[in-house]
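J.: Next one to model:
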Amino acid sequence: MPDLQQLGVMVTRPAHQAEGLCGLIEQAGGRAIRLPMIEIAAVEDEAAARASLADLADFDILIFISANAVHQCHLYIGKALPAGPQIVTVGQGTARQLQQDFQRAADLLPAEGYNSEALLATPLLQQVTNKRILILKGQGGRNLLADTLSDRGAKVSYANLYRRMIPTEAEQQLSAVEKAKNIDIIVFTSGEGIMNLLSLAGETSRTWLCSISWLVIHARLVEVARQAGCENEIIVSDGPGDEHIAQCLHQWARQKTNS
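T.: Residues are numbered from 1 along each chain as shown. As a prediction, this is how the structure comes out:
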């Protein structure tokens with residue numbers, strides 16, 4: 001792999017999930033600039049969150065949308081998951097968190113795609129008439145998964161286990177980064193991260209941010225950026241994992257050097 005040659009890579013992942021990628025960037029000679037655009041916080045009504053997890057054994061399928069959903073579930077229930085329900089995870093990071101927190105392997109993990117569309121294409125979720133399905137997630141987000149499963153005849157419930165917020169220090173950190181102008185590429189792993197950054201930026205900052213190359217983890221985020229008016233170069237990694245993103249950064253750096 002080529003050296004990242006001191007390229008400045010701004011990582012917008014939540015602080016507690018960013019260090020793996022930042023380490024890979026720094027090991028390859030790049031400069032990881034940490035500017036988290038999302039902070040994971042407890043929901044305001046924790047009693048409701050705990051109540052949504054009271055009868056997990058009654059469900060046929062549990063779908064964990066993120067590693068944060070797994071971890072918050074573990075914090076709330078403080079015990080093993082029931083043996084009965086089949087466990088579905090959206091991505092490899094979520095599956096690893098499941099193994100770490102519950103010592104449980106996922107029964108279903110999409111081979112690629114790592115999103116709701118990929119889940120819905122799997123055989124397990126095709127014939128779900130009268131199946132009781134619980135989707136464990138953060139507040140907000142898309143309804144595609146629940147709506148489609150309901151249309152297929154499933155009885156779908158939600159467990160909203162955490163909320164996403166803009167970190168309190170993000171605006172100040174963005175101002176410092178803009179003054180330094182030492183960013184070559186920005187990594188986004190969610191549409192919410194994109195919109196949070198753009199919402200914090202003034203007109204001048206926004207123009208600058210949308211002149212820098214971006215790396216995103218799936219094509220849907222390109223649509224988010226374009227709808228927000230950004231016409232800069234956006235590249236898409238082969239997957240959401242740290243290794244996928246690092247590989248994509250190396251390929252981009254190689255092309256940048258050769259151009």
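
J.: what's the average pLDDT for stretch 44-59?
T.: Along stretch 44-59, the predicted local confidence has a mean pLDDT of 96.

J.: hmm, who's touching that stretch?
T.: Contacts to stretch 44-59, defined as C-beta atoms under 8 Å, 6 or more residues apart in numbering, come from residues 42-43, 62, 72-73, 76-77, 81-82, 84-85, 132-134, 157-161, 163. For every residue, glycine as well, the C-beta is placed using N, CA and C.

J.: what distance separates stretch 37-52 from the middle of the whole chain?
T.: The gap between where stretch 37-52 is centred and where its chain is centred comes out at 17 Å by C-alpha atoms, centre = their mean, to the nearest Å.

J.: swap in stretch 186-202?
T.: Between the mean C-alpha position of stretch 186-202 and that of its chain there is a distance of 13 Å (C-alpha atoms, centre = their mean).

J.: buried stuff in that stretch?
T.: Judged by neighbour count using 16 or more other C-beta atoms under 10 Å, the buried positions of stretch 186-202 are 186-198, 200-201.

J.: Only whichever of the contacts of stretch 44-59 are buried, select them in ChimeraX.
T.: A single ChimeraX command is used to select the members of the contacts of stretch 44-59 judged buried by 16+ other C-beta under 10 Å:
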select :43,62,72,73,76,81,85,132,133,134,159,160,161
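
J.: coming back round to it: from the buried residues of stretch 186-202, which land in strands?
T.: Secondary structure defined by DSSP state E assigns 186, 187, 188 of those to strands.

J.: Dump those residues to a markdown table, plus pLDDT and distance to residue 140.
T.: Compiled in a markdown table, those are given as follows (pLDDT from 0 to 100; distance: C-beta to C-beta, whole Å):
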| residue | pLDDT | distance to residue 140 |
| --- | --- | --- |
| 186 | 98 | 22 |
| 187 | 98 | 22 |
| 188 | 97 | 17 |
